[in-house]
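> kindly return the folded structure for what I paste below:
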Amino acid sequence: MRVIWIDVGTHFAQEHSSIFGSNYSFYSFILRRFLSGKVLKRGKFVSFKELRSIIQARTRIRKRSSDFYAVFVEANPKVAYKKNFYPDADMFFNLALTDDSHTPVSIAKLYLGDENELSQGSSVFLEKHNVHKGSYVATFGVSVSDFFSELELHLNEKFGDYSVLLRLNCEGVEDDVIYSTYKRFGNKLKLICGSLKDVEEVKGLEASQKLDEFISDNNLAFEKFDSGICSWPKAHLAVLNLLEKKDES
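Numbers count the residues shown, from 1 in each chain. Reported below is the predicted structural model:
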């Protein structure tokens, strides 16, 4: 049974690459972070126990790489044109997922974080603290409901039985993505990874609390997973546990 890795807000695919990228790029990154965190005292680095956990979990997951099917969604065309990892995805969509208050299909404004066209913090919401209305790129917008409805039809036809891992950091639309993913895939949604902090910044505390309650009420597993290495020990272990639970079912 396949694990469908749906990555919304892929950016440079740091999280996916932390597991499935080349060993050369992985260990080069580890060395740079070690020198920066442990030697130069710039930023945080994991403990050696955590580093060993990352390497062990990563190794075991990579042996099962054929069990994964990657679906990448990235809103920023500047990122998509620049980076060469997108052809390695099983499916790639250069579009912004929008909430259902928008039309099903639109030309959306992606406001650039800190006016940087490759920023990881770009958003379709002007409420983000690091964007303003004069700095944006146009991108294709598709409502979350329509996107996940069509994706479910495709995956059901292609695989039939599968599990879903949702990895997301989409600058404020995380709640709508989770609601729509669960609506379409139900109990197939086995693990949510990423960051949810932008929901509160963009939509307020009530929306953030509503999302937290939804995750709790539906017994959805969540693990923080971002480009920072400090999130990798628990996140990699959660992905490995998903594989092992799949074997038991």
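
> the protein: helices as residue ranges?
In order along the chain, the chain carries the following helices (DSSP state H): 14-20, 23-34, 48-62, 77-82, 144-158, 174-185, 197-203, 205-217, 232-248.

> and of these, who's closest to residue 127?
Minimum separation from residue 127 across the helices of the chain (Cβ to Cβ) falls at helix 197-203, 4.6 Å. Yep, even glycine has a C-beta here, placed from its N, CA and C like the rest.

> pLDDT (mean, whole number) over the closest one?
When pLDDT is averaged over helix 197-203, the result is 92.

> buried residues in the lowest-mean-pLDDT helix or strand in the chain?
The weakest-scoring helix or strand in the chain, judged by mean pLDDT, DSSP states H and E, is helix 77-82 (a mean of 84). For helix 77-82, a neighbour-count test (16 or more other Cβ atoms under 10 Å) marks 77-80 as buried.

> swap in stretch 16-32?
Residues 16-21, 26, 30 are the ones in stretch 16-32 that count as buried (16+ other Cβ under 10 Å).

> quick one, what contacts the residue lying closest to residue 74 once chain neighbours are set aside?
Closest residue in space to residue 74, ignoring its immediate chain neighbours: residue 10 at 4.4 Å, by Cβ to Cβ, 6 or more residues apart in numbering. For residue 10, the contacting residues are 16, 72-74, 86, by Cβ atoms under 8 Å, 6 or more residues apart in numbering.

> hmm, try it at 7 Å
Shown in contact with residue 10 (Cβ atoms under 7 Å, 6 or more residues apart in numbering): 72-74.

> look up the residues forming beta bridges with the residue nearest to residue 93 when sequence neighbours are not counted.
Distances taken as Cβ to Cβ, 6+ apart put residue 73 closest to residue 93, at 4.9 Å, once the chain neighbours are dropped. Residue 73 has these beta-bridge partners by DSSP bridges: residue 8, residue 93.
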